[in-house]
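Enquirer: Any chance you could fold what I've pasted below:
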Amino acid sequence: MRTDLFDFELPAGSIALRPASPRDSARLLIVQPDGVLHDRSVADLPLLLQPGDQLVVNDTRVIAAQLKGRRIGRDTEPKIEATLIKRLDGSRWQALVKPAKKLSPGDVVRFGNEGKVCLLGHLDAQVEHKGSDGEITLSFSFHGPALDQAIADLGSPPLPPYIASKRAPDERDAADYQTMFAANEGAVAAPTAGLHFTPALERALRERGIAIHRITLHVGAGTFLPVKVDDTAGHKMHSEWGTIAAETAHALNAARAAGGRIVAVGTTSLRLLESAAAEDGTIQPFAGETAIFITPGYRFRAVDILLTNFHLPRSTLFMLVSAFSGLDSMQRAYAHAIGDGYRFYSYGDACLLFRAKASP
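Expert: Residues are numbered from 1 along each chain as shown. Sure, this is the predicted structure:
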């Protein structure tokens, strides 16, 4: 499909720079299967679902993937900023760096500053490979848990550029940019639909008879990048690692067989569930990489309802929600949200999407 079909104009003032407080006080736009819209609040979620429905949340935890340092070993030592985007093994990461033109294979970058020290006081990484798009492979001097601790000590949360370009990250973001479900470290971006949950909301959902299940997809930076090709067929998705435990798959399948609906909290949960689903919709245990790219025309097998934030124009995520609820419905929904002052993107409001009826 043409990428420009998924474009829209968003006023700069619509981008949320801080989350709602409390988190479940965020606004919630309901998009019915027929495209009818209703304005509610995230706190209303238990009333909008039915006993027996099954919520599936992503329990990945965002690491402190933003590192600052300098190139060493040459006459000059320019400042280097790196965002870790994918772990390759115990000591190597793929990263996006600025300015990429200052680095070549074999160069060493020393991360650290006087305000923070880790282990020996700094963290060195050698540039092992450099791509044409600013993406490099870094081989670090530490390995395994020691490297994880060094990154945690020296790094900062990798806020999306549409927030970081408007204000500096601060201590509040360290908490604000994690969901209450965050447990398994490995993401470089938050599964933002989960940011709306609070203990009170979780309790109300369970009292309503709605179960909550955890799966893990380590979100990569590529998920949120705009599609730059003219046709969606030419876009290559970054792969991300995920896992669904056997007992979780069994519980979801049993609940669905009993009439319960599968409610994905976030596009990351949806993508992993659909990656693990058989043709008949049965969810299989899963452990591995997925690069699933969902555009209109995709036949959903596992997910009935999607709770998600408002996404960037021309992004794979807006394409996904357009596949789920229909492009026309989502264009109307986003126009309504913009006109009615909804807050967009990672720290913004949410929408509850019911899957569009399949065409005969």
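Enquirer: drop to CA atoms for contacts and neighbour counts, all remaining ones
Expert: Noted.
Enquirer: What residues of stretch 336-356 count as buried?
Expert: 337-338, 342-356 (16 or more other CA atoms under 10 Å).
Enquirer: now swap in stretch 236-250 and tell me
Expert: By neighbour count on 16+ other CA under 10 Å, the buried set for stretch 236-250 is 238, 239, 240, 241, 242, 243, 244, 248, 249.
Enquirer: Where is pLDDT lowest across these?
Expert: Lowest pLDDT of the buried residues of stretch 236-250: residue 238, 82.
Enquirer: Inside strands: which ones of the buried residues of stretch 236-250?
Expert: By the criterion of DSSP state E, membership of the buried residues of stretch 236-250 in strands covers 240, 241, 242, 243, 244.
Enquirer: With distance to residue 43 added, can I get the buried residues of stretch 236-250 in TSV?
Expert: Converted to TSV, the buried residues of stretch 236-250 look like this (distance: CA to CA, whole Å):
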residue	distance to residue 43
238	33
239	33
240	31
241	31
242	29
243	29
244	27
248	25
249	27
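Enquirer: Most widely separated two among those residues?
Expert: Maximum pairwise distance among the buried residues of stretch 236-250 (CA to CA): 25.6 Å, between 238 and 248.
Enquirer: quick one on the thing from earlier: can you list the ones in strands among the buried residues of stretch 236-250 in JSON lines and add distance to residue 16?
Expert: Converted to JSON lines, these look like this (distance: CA to CA, whole Å):
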{"residue": "240", "distance to residue 16": "26"}
{"residue": "241", "distance to residue 16": "28"}
{"residue": "242", "distance to residue 16": "28"}
{"residue": "243", "distance to residue 16": "31"}
{"residue": "244", "distance to residue 16": "32"}
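Enquirer: out of these, who's nearest residue 169?
Expert: Lowest distance from residue 169 to those (CA to CA) belongs to residue 240, with 25.2 Å.
Enquirer: was I right about that closest one contacting residue 216?
Expert: No. Residue 240 lies out of contact with residue 216 (CA atoms under 8 Å); the separation is 10.3 Å.
Enquirer: Where do the helices of this protein begin and end?
Expert: 45-48, 144-154, 161-164, 171-176, 199-207, 246-257, 267-276, 316-325, 327-339 (DSSP state H).
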